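Colleague: Return atomic coordinates for the entry below.
(one chain, ligands or ions: 2)
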Amino acid sequence: MARLNILTFPDPRLRNHAKPVDGVDDATRTQLDDMLETMYEAPGIGLAATQVNIDKRLVVIDVSDERNQPLFLINPEVLESRGEESMEEGCLSVPGFYETVKRPEWIRYRAIDRDGNTIEAETEGLLAVCIQHEIDHLDGKLFVDYLSSLKRQRIRKKLEKAQRQPDDPDSPAPQGPDSSHPSL
Ligand code: GNR
Ligand code: NI
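Modeller: Numbers count the residues shown, from 1 in each chain. Ligands and ions are numbered 1, 2, ... in the order given. Below is the predicted model:
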């Protein structure tokens, strides 16, 4: 098992559209295991391969309280969706920012599991949100894309600044230039 580096917005590699997986082999299962360890360590409830710079349609999720019910989804797709639900979302690639996103509340989805079997299931609530959030990653999409461009640019500026000053975690949130020119 290995811990992988998680890319941070606005890294352009997060915009990659990941390639479908053709057959589940041991190398792919090792990547899934490494992703799961990385997700638990972060900690997060989901992780898409795009976030760790792997160009494959792989997702790991665990929304259980005990953190002992991992889901491995290969080539996941939403087949059908219904309703609408607003939920506060966060993302390991957008650390420290939480915003409300509106998505379908119920989905039916299909994926290939760790053993190579095709599964189909329906779900709602947090798991449905998480599956949609992770499929978005595989398509190069982030939850900040659902926000106003003003909010997105503010988040981008703050994360860019944080990455320029990685050893100053307690530096005050950017103000001054940022708030006097909020559209930049
Ligand atoms: O850990 C995570 N929590 C979360 C909360 C609400 C909606 C989606 C998520 S996914 C996120 C982990 C992550 O970034 N997955 O891509
Ligand atoms: Ni995410």
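Colleague: Where does this protein get nearest to ligand 1, which residue?
Modeller: residue 44 (3.1 Å; CB to the nearest ligand atom). Every C-beta, even on glycine, is put in place using the N, C-alpha and C of the backbone.
Colleague: My guess is that residue contacts residue 92. True?
Modeller: Yes. Counting by CB atoms under 8 Å, residue 44 touches residue 92, with 4.7 Å between them.
Colleague: circling back to that earlier point, surely the residue of the chain closest to ligand 1 forms part of a helix?
Modeller: No. Under DSSP: H, G, I helix; E, B strand; the rest coil, residue 44 falls outside any helix and is assigned coil.
Colleague: Please give the number of neighbouring residues around it.
Modeller: Residues near residue 44, counting by other CB atoms under 10 Å, number 19.
Colleague: show me the contacts for it.
Modeller: Shown in contact with residue 44 (CB atoms under 8 Å, 6 or more residues apart in numbering): residue 92.
Colleague: and it, how far is that from residue 2?
Modeller: Using CB to CB, to the nearest Å, residue 44 is found at 17 Å from residue 2.
Colleague: max-length strand in the protein?
Modeller: strand 71-82 (DSSP state E).
Colleague: Now it: buried residues?
Modeller: Residues of strand 71-82 classed as buried by neighbour count (16 or more other CB atoms under 10 Å): 71, 72, 73, 74, 75, 76, 77, 81.
Colleague: for stretch 41-54, same thing?
Modeller: For stretch 41-54, using 16+ other CB under 10 Å, the buried residues are 44, 45, 46, 47, 48, 49, 50, 51, 52, 54.
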